[in-house]
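[1] Based on what follows, work out the 3D shape:
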Amino acid sequence: MENRNAFRYNVFDGKTQNLAIRRAKKGGAEALKQIIIHVDMDAFYASVETRDDPSLRGKPLIIGSLPNERGVVATCSYEARKYGVHSGMNIKDAYRLCPGGIFRHPNFDKYKAVSAQLHAIWDAYASASEAIALDEAYLDVTEKAGDWDGAREIARTIKRRTRDELHLTCSVGLAYSKTAAKTASEEKKPDGYFEIETAEDYVELIRDRDVKVLYTVGESTAEKLYAAGIHTVRDIQQRQEDVVRLLGKQGRWITQIAFGIDERKVEPYRPEEAKSIGRELTFQKDVDNFDLLGDVLFLLALNVENRAQRIGLRGGGVTLKITYANMKSITRSRSPADCGSAVAIWREAAKLLEKVEKRPVRLLGVSLYNLSDTEERQLRLEDFDDADAREQEEERKRQLSALEEHYHLNFAGHLPQLFHAETLHKTVEYMRKHF
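    This is a model prediction of the structure:
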């Protein structure tokens with residue numbers, strides 16, 4: 001805590017860099033306060049598909065939407081990246097750059113199953129594991145490694161077991177902090193290994209790189225820095241006051257990690273600590289029929305209810321999200337007395353939908369916020385109202401029957417499948433075409 005205070009009060013007096021370097025050189029217990037590994041799979045979805053279908057090896061594989069659909073690239077093989085394709089790119093642009101690529105929809109059930117196997121291997125070597133995504137995690141190996149040599153052995157073992165047991169490759173970064181470990185894992189991709197032992201090593205590595213090398217500096221933040229003439233990490237170090245004035249709290253964080261100071265702990269993800277639970281989808285063609293949107297809202301509400309129940313949470317408010325055809329997004333929220341069931345979520349979201357501007361819609365989403373544990377939440381009078389619960393159950397059945405009659409699909413009999421993203425998207429597209 002003393003070091004954090006030193007940084008907080010000396011951020012502009014020229015001592016920050018000296019603080020980072022002093023701490024890096026101290027050695028012993030202080031230098032090895034944390035030993036963190038960051039593991040990141042190489043083109044995860046594409047690698048799993050290539051592993052399971054060897055005919056895809058060496059070919060530009062693009063996972064996401066198909067070229068004739070609306071959507072983005074989820075990931076792609078390194079062969080596709082040579083054409084300029086990358087994650088998050090509009091699928092039309094990906095096709096333009098790589099018309100000879102192989103385009104496939106993601107199989108999330110498969111990836112989740114493989115992810116569980118991966119994390120089981122990685123977690124065995126950590127006292128704390130923080131899953132960032134299906135294919136990525138921070139591991140605190142301080143206690144289990146004992147020293148830097150022990151940590152190196154753990155890193156090598158993780159790479160070997162991932163390759164031998166699952167026939168996949170990963171890139172591993174070993175470092176004194178989370179920020180440095182993340183940077184290290186990206187240094188030698190794919191199938192790489194890199195280590196950054198001290199803050200001094202980290203600063204030396206990144207000092208003359210673009211500001212986007214720093215954690216939390218994305219495109220929009222980088223543009224603000226560029227506009228102020230701040231392009232490199234060295235610029236941030238030399239113009240700390242300007243960075244903080246420009247970016248506020250984030251600026252203070254950026255100036256801190258520009259000198260390699262990051263004392264964040266590896267914190268296991270706990271679903272119960274989520275701030276919201278939601279589900280949204282993008283239509284393949286814009287929808288201007290708000291009756292159809294109301295039907296889709298019900299399916300989204302069922303998905304949100306399922307997610308909340310799986311982790312034992314209940315919401316205190318409902319949020320509707322809409323992105324119009326012109327890419328303008330809006331959100332509207334309500335805090336009703338009850339929003340624990342799919343019917344209650346749907347009713348509140350439908351009320352919000354009634355009040356928004358009626359224009360073609362590209363994306364529709366619904367979520368719960370103000371989450372609380374269902375076991376700890378204070379009971380209200382309506383919690384004891386069996387009549388209300390029965391009414392909502394009857395309304396649920398009526399709505400499912402109405403959907404079945406209108407679209408000639410057995411919604412009630414296939415609810416578990418509708419909780420999978422791909423099936424939900426295909427069902428909604430069918431509904432859009434047959435409304």
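[2] how about low-confidence regions in the protein?
    In the predicted model of the chain, residues 1-32, 270-274, 337, 373-386 satisfy pLDDT under 70.
[3] hmm, 50 instead?
    Of all residues in the chain, those with pLDDT under 50 make up the ranges 1-31, 375-385.
[4] The residue of it most remote from its centre in helix, strand or coil?
    In terms of distance from the mean C-alpha position of the chain, A387 ranks first, at 40.0 Å (C-alpha atoms, centre = their mean). For A387, the reduced secondary structure class is helix; criterion used: DSSP: H, G, I helix; E, B strand; the rest coil.
[5] any idea how far D191 is from it?
    Here A387 is placed at a distance of 61 Å from D191 (C-beta to C-beta, to the nearest Å). The way it works is simple: take the backbone N, C-alpha and C, and place the C-beta from them, glycine included.
[6] returning to that earlier point: list the contacts of the residue farthest from the centre of the chain.
    The neighbourhood of A387, defined by C-beta atoms under 8 Å, 6 or more residues apart in numbering, contains no residues.
[7] any chance you could map the strands in the stretch 251-400 of the chain?
    Taking DSSP state E, counting those that start in this stretch as the criterion, the stretch 251-400 of the chain contains strands spanning 276-287, 313-314, 317-324, 329-334, 361-369, 372-373.
[8] Turn these into CSV, columns for distance to L424.
    Shown next, in CSV, are those (distance: least, C-beta to C-beta, whole Å):
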stretch, distance to L424
strand 276-287, 7
strand 313-314, 21
strand 317-324, 16
strand 329-334, 20
strand 361-369, 12
strand 372-373, 26
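[9] closest to V428 out of those?
    Put simply, out of the strands of the stretch 251-400 of the chain the one that sits nearest V428 is strand 276-287, at 6.1 Å, with distance taken as C-beta to C-beta.
[10] Let me know the distance separating I311 from S77.
    Applying C-beta to C-beta to I311 and S77 gives a distance of 34 Å.
[11] if we can go back for a sec, would you mind telling me which of the strands of the stretch 251-400 of the chain is nearest R347?
    Nearest to R347 among the strands of the stretch 251-400 of the chain is strand 317-324 (8.9 Å), distances taken as C-beta to C-beta.
[12] hang on, the earlier thing: neighbour count for I311 and S77, which is higher?
    When neighbours are counted by other C-beta atoms under 10 Å, I311 and S77 differ, and S77 comes out ahead with 26 against 15.
[13] Go ahead and confirm that one touches K59.
    Yes. The criterion here is C-beta atoms under 8 Å, and S77 meets it with K59 at 7.1 Å.
[14] contacting residues for L409?
    Contacts of L409 were listed using C-beta under 8 Å, 6+ apart, and they are 403, 427, 430-431.
[15] and what of K82?
    For K82, the set of contacting residues under the criterion of C-beta under 8 Å, 6+ apart consists of P60.
[16] ditto for L300
    The contact partners of L300, taken as C-beta under 8 Å, 6+ apart, are 279-281, 349, 364-366.
[17] are any of the residues you listed buried, and which?
    279, 281, 349, 364-366 (16 or more other C-beta atoms under 10 Å).
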